[in-house]
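*Asks:* Below: sequence and its predicted model.
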Amino acid sequence: MLKFTKKDILEISSLSVDDISLILDTAERMKEISERPVKKVPTLRGKTVVLYFYEPSTRTRTSFDIAAKRLSADSISLSGSTSSMVKGETLLDTARNLEAMKPDVIVLRHPSAGAPHILAKAVSASIINAGDGMHAHPTQALLDMLTVKQHKGTLSGLRIAIIGDIAHSRVARSDCEGFIKMGASVILCAPPTLMPKGIEFYGVSVTFDINEAIEGADVIMMLRIQKERQSGFFFPSEREYSRRYGLNLEKLKSARSDVLIMHPGPINRGLEISPDVADGPHSIILDQVTNGVAVRMALLYLVTGGTRNADSD
Ligand code: ASP
């Protein structure tokens, strides 16, 4: 059996193809627990998971919390506004204090890119990055890969179109790394103002024409317009954006008949995606959410030594 040796989950680039395959396989097995009448196993009994969210989150935080509880870990939630950060304590001081209480895993969401990496060096608990600034969101990429794999059977050879606010999206960056690593090809589409310069570095292709992105795509991933991270005017008006870059039934006509529609959430209905597409037959958006729990269960299990302990069973 493959062994998982990483202490932390910080970004997709530090995971090998074997690591990703092991995480996805473990998540497949974890999924079954959530189907049971009693959705709880004792696997992580006695382990403590701290959920430290400096930025708002619905899906990611709830998903980690449910994942920890399904494995019988104790989870404690802290948010930026209720923590001592508002009293001026630095992230490192908070971490050292948390560490003194002996948690096994700290799940961190932070507005600054690199914050989880600083924490990982400073504490012995495992750190899982739940989104750092515009940099990375590795657990989202893993649940996206799992969802596509479940529907298509493989990731290799697929064409993935990622459309929307690429510039401000940590999801886009992590998805690019993950899908490319697993053998898919990725085409990015955004208005020129929302397409970061040099993004081709990830091995992706780029277009400003949504029809070109849609054509032939096996998967279309729509991204949220990240209003909270936008400091200027990136497009003339929401109406204009929606007309040119929003996905609606009309634009979907040129897509493959078996195309999958995804979105990491939260959705701006009517802006980047129309309700009839978001709720339509191609949409697997809620499967992404279901798989989020399974992936996070797998990660909590693996970073706390799941496969390392498996030998001694
Ligand atoms: N929930 C994702 C994130 O935290 C995507 C989004 O917010 O648009 O990055």
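*Replies:* Looks like it came in fine. Numbers count the residues shown, from 1 in each chain.
*Asks:* for the closest residue to Asp209 other than its chain neighbours, which residues make a bridge with it?
*Replies:* In space, and not counting its chain neighbours, Asp209 is closest to Cys189: 7.2 Å by CB to CB, 6 or more residues apart in numbering. Using the backbone N, CA and C atoms, a C-beta is placed for each residue, glycine as well. Cys189 has these beta-bridge partners by DSSP bridges: Ile163, Thr207.
*Asks:* any idea how far Cys189 is from His110?
*Replies:* Counting by CB to CB, to the nearest Å, the gap from Cys189 to His110 is 28 Å.
*Asks:* Next up, identify which helix or strand the closest residue to the ligand within the stretch 51-200 of the chain is on.
*Replies:* Residue nearest to the ligand within the stretch 51-200 of the chain: Gly131 (4.4 Å; CB to the nearest ligand atom). Following DSSP states H and E, one finds Gly131 within strand 126-132.
*Asks:* pLDDT on that strand, on average?
*Replies:* The pLDDT scores in strand 126-132 average 97.
*Asks:* following it, which helix or strand comes up?
*Replies:* Heading C-terminal from strand 126-132 (DSSP H and E), you reach helix 138-152.
*Asks:* Up against the ligand, what does the stretch 101-250 of the chain have?
*Replies:* Residues of the stretch 101-250 of the chain found near the ligand (CB under 6 Å from any ligand atom) are Gly131, His137, Arg170, Val171, Arg224, Gln226.
*Asks:* export the residues you listed to JSON lines and tack on neighbour count and distance to Ile160?
*Replies:* Shown next, in JSON lines, are those (neighbours: other CB atoms under 10 Å; distance: CB to CB, whole Å):
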{"residue": "Gly131", "neighbour count": "25", "distance to Ile160": "20"}
{"residue": "His137", "neighbour count": "26", "distance to Ile160": "16"}
{"residue": "Arg170", "neighbour count": "23", "distance to Ile160": "17"}
{"residue": "Val171", "neighbour count": "27", "distance to Ile160": "12"}
{"residue": "Arg224", "neighbour count": "20", "distance to Ile160": "17"}
{"residue": "Gln226", "neighbour count": "18", "distance to Ile160": "20"}
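*Asks:* What about Ile220, how many residues nearby?
*Replies:* 28 (other CB atoms under 10 Å).
*Asks:* Show me the beta-bridge partners of it.
*Replies:* The partner residues for Ile220, given DSSP bridges, come to Ala161, Ile261.
*Asks:* If I follow the layout properly, it ends up in contact with Asp258?
*Replies:* No. Ile220 is beyond contact range of Asp258, at 11.7 Å (criterion: CB atoms under 8 Å).
*Asks:* how about low-confidence regions in the chain?
*Replies:* 81-86, 230-232, 308-313 (pLDDT under 70).
*Asks:* Would you pull up the residue in it closest to the ligand?
*Replies:* Relative to the ligand, the nearest point of the chain is Arg224 (3.6 Å; CB to the nearest ligand atom).
*Asks:* related to what we said a few turns ago, output the strand holding Gly131 as CSV, nothing but the C-alphas.
*Replies:* Only the C-alpha atoms of strand 126-132 are listed here, as CSV (Å, rounded to 0.1, in the frame of the first residue of the first chain):
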residue,chain,number,x,y,z
SER,A,126,-0.2,19.3,10.6
ILE,A,127,-1.3,22.4,8.7
ILE,A,128,-4.0,22.2,6.0
ASN,A,129,-4.4,25.2,3.8
ALA,A,130,-8.1,26.0,3.4
GLY,A,131,-7.4,28.9,1.1
ASP,A,132,-4.6,31.6,1.4
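*Asks:* which strands and helices sit next to it?
*Replies:* helix 59-70, strand 105-110, helix 115-122, helix 138-152, helix 285-303 (3 or more CB pairs under 8 Å, 6 or more residues apart in numbering; DSSP states H and E).
*Asks:* and the angle from it to helix 285-303?
*Replies:* Counting by axes from the mean of the first three to the mean of the last three CA atoms, to 10 degrees, strand 126-132 lies at 150 degrees to helix 285-303.
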